[in-house]
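Participant: Here is the input, now give the coordinates:
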Amino acid sequence: MTTPVARKLGRAALFSLVRGACWALGSALVAGIVWWIQNQ
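Facilitator: Below is the predicted model:
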């Protein structure tokens, strides 16, 4: 049985996880572009 509090907590955790993944992906993309430009 899931309580509203647990559901809210789960949604917040999922949101932070997605945000973290997007941030990591964006950082990797920027780093990759910078590396690619420097190694042309």
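
Participant: Any stretches of the chain with poor pLDDT?
Facilitator: 1 (pLDDT under 70).

Participant: Give me the number of neighbouring residues for G20.
Facilitator: By other CB atoms under 10 Å, 10 other residues sit near G20. The C-beta positions use only the backbone N, C-alpha and C, and glycine is treated the same way.

Participant: where's L9, which helix or strand?
Facilitator: helix 4-38 (DSSP states H and E).

Participant: how distant is that helix from the center of its chain?
Facilitator: 1 Å (CA atoms, centre = their mean, to the nearest Å).

Participant: Show me what that helix is packed up against.
Facilitator: Of the remaining helices and strands, none touches helix 4-38 by 3 or more CB pairs under 8 Å, 6 or more residues apart in numbering; DSSP states H and E.

Participant: and that helix, which residues are buried?
Facilitator: Buried residues in helix 4-38, counted by 16 or more other CB atoms under 10 Å: none are found.

Participant: Begin at 44 from now on, thanks
Facilitator: All right, first residue 44 from here; so that's helix 47-81.
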